[in-house]
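> Any chance you can model this:
(one chain, ligands or ions: 1)
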Amino acid sequence: MKRLASILAAALLILISHIALGQKPNVYILATGGTIAGTGASSTGTAYSAGQVAIQTLIDAVPQIQDIVQVRGEQVVNIGSQDMSDEVWLRLVERINELVQDPDIDGIVVTHGTDTMEETALFLDLTVQTSKPVVLTGAMRPSTALSADGPLNLFNAVVVAASQDSRDRGVMVAMNGQVHAAAQVIKMHTTSVESFASPNAGPLGTVLNGKVNYQTAPGHAPLHFDVSGLRTLPKVGIIYSHSGINADMANAMLGAGYQGIVHAGVGNGNIHKAIFHVLDKARANGIIVVRSSRVPTGPTTLENEVDDEAHQFVASQWLNPQKARVLLILSLTCTHDWQQIQEYFNTISTIHI
Ligand code: SIN
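All right, here's what the predicted structure looks like:
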């Protein structure tokens, strides 16, 4: 009788642990490379090559992930994010939109180089359609460095992706114990692990001890662009202003197939007189011109320092030039109406500020 009871107890334990196992959230990791997958010859030096280590090696390096979620992953590309391209963006969004349809997947993590993470995050934020968490993460130090930050960043990103509290927040970036909104986050430092911040709005929350804590209510930009079926994206470039600029580069863009130009102006998006007429000419040729600023914080406001209405320029509001470029690309997939595009910039700037 005693033996039967202990057999039954053991069976019950196995059943309970199976149920518990089944209840672990499922997180799917899409790997694209970057420093998190980088290796260096020395653990103390700063020289390394990004995009060397495959996804399974990254997952295996953080066995603690298996304690909290069921994890699967796939390698989309293995590149340094300086080489990120429209083609990879379109592949990523297609794959994520496919994965989030799977009822067994609770959240997605995208590992990514830090250099262009803010651009990919915004692109995905505006094109992926789901209430499930989609979280980008990476590392400032390669996997072979002393105190590599990748393993904890990956663990934290998985925590964020697995949490019910992360639903309906759009695409986020989890780096260095903080969670940021895609529209807000900026890479602020070239080498420090404390590189990502949302200087205009603050982070959405923090991750500590395997738990995410949000200081903000859920919310997501009421903007969505359907890029399914697209194989290319409109060509949009950035002109970076400076003292003594001349019209050479702006002129070169005129006949080069650009549908949009983002001007990274000085101050509140001011434009040097040497190129003002070129931007007017671009607009007259049907190119959409967005005024942004090379100043890292604060908005580029409409109708303050430049008569935008008269020139038919769009003010980028709170988006910096590289983020403004992302929104302009997506805007141009559905309209060339500069006023409608201004509305998109106004709309995205009302969230999380
Ligand atoms: C990259 O963006 O791929 C290289 C730099 C990094 O990931 O920190």
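> State the phi and psi torsions of the residue of the chain found nearest the ligand.
Residue of the chain nearest the ligand, by C-beta to the nearest ligand atom: Gly113 (2.0 Å). (C-beta placed from N, C-alpha, C; glycine too.) Backbone geometry at Gly113, expressed as degrees, to the nearest 10, gives phi -60, psi 150.
> show me what contacts it?
The neighbours of Gly113, taking C-beta atoms under 8 Å, 6 or more residues apart in numbering as the test, are 32-36, 50-51, 79-82, 84, 138.
> Same check on Lys24?
Lys24 neighbours (C-beta under 8 Å, 6+ apart): 68-70.
> Go again with 6 Å.
When the contact criterion is C-beta atoms under 6 Å, 6 or more residues apart in numbering, the partners of Lys24 are 69-70.
> Equivalent analysis for the one 3 residues further on, please.
Taking C-beta under 6 Å, 6+ apart as the contact definition, Val27 lies against 69, 71, 107, 158, 161-162.
> residue ranges of the helices in this protein, please?
2-23, 55-60, 65-68, 86-99, 117-125, 150-162, 248-254, 273-284, 308-311, 321-332, 338-348 (DSSP state H).
> In JSON lines, list the ones you listed along with mean neighbour count, mean pLDDT and distance to the ligand.
Shown next, in JSON lines, are those (neighbours: other C-beta atoms under 10 Å; pLDDT from 0 to 100; distance: least, C-beta to the nearest ligand atom, whole Å):
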{"stretch": "helix 2-23", "mean neighbour count": "9", "mean pLDDT": "46", "distance to the ligand": "34"}
{"stretch": "helix 55-60", "mean neighbour count": "16", "mean pLDDT": "90", "distance to the ligand": "13"}
{"stretch": "helix 65-68", "mean neighbour count": "15", "mean pLDDT": "95", "distance to the ligand": "20"}
{"stretch": "helix 86-99", "mean neighbour count": "18", "mean pLDDT": "98", "distance to the ligand": "12"}
{"stretch": "helix 117-125", "mean neighbour count": "25", "mean pLDDT": "98", "distance to the ligand": "7"}
{"stretch": "helix 150-162", "mean neighbour count": "25", "mean pLDDT": "97", "distance to the ligand": "9"}
{"stretch": "helix 248-254", "mean neighbour count": "16", "mean pLDDT": "96", "distance to the ligand": "25"}
{"stretch": "helix 273-284", "mean neighbour count": "17", "mean pLDDT": "98", "distance to the ligand": "30"}
{"stretch": "helix 308-311", "mean neighbour count": "14", "mean pLDDT": "97", "distance to the ligand": "34"}
{"stretch": "helix 321-332", "mean neighbour count": "24", "mean pLDDT": "98", "distance to the ligand": "13"}
{"stretch": "helix 338-348", "mean neighbour count": "18", "mean pLDDT": "97", "distance to the ligand": "24"}
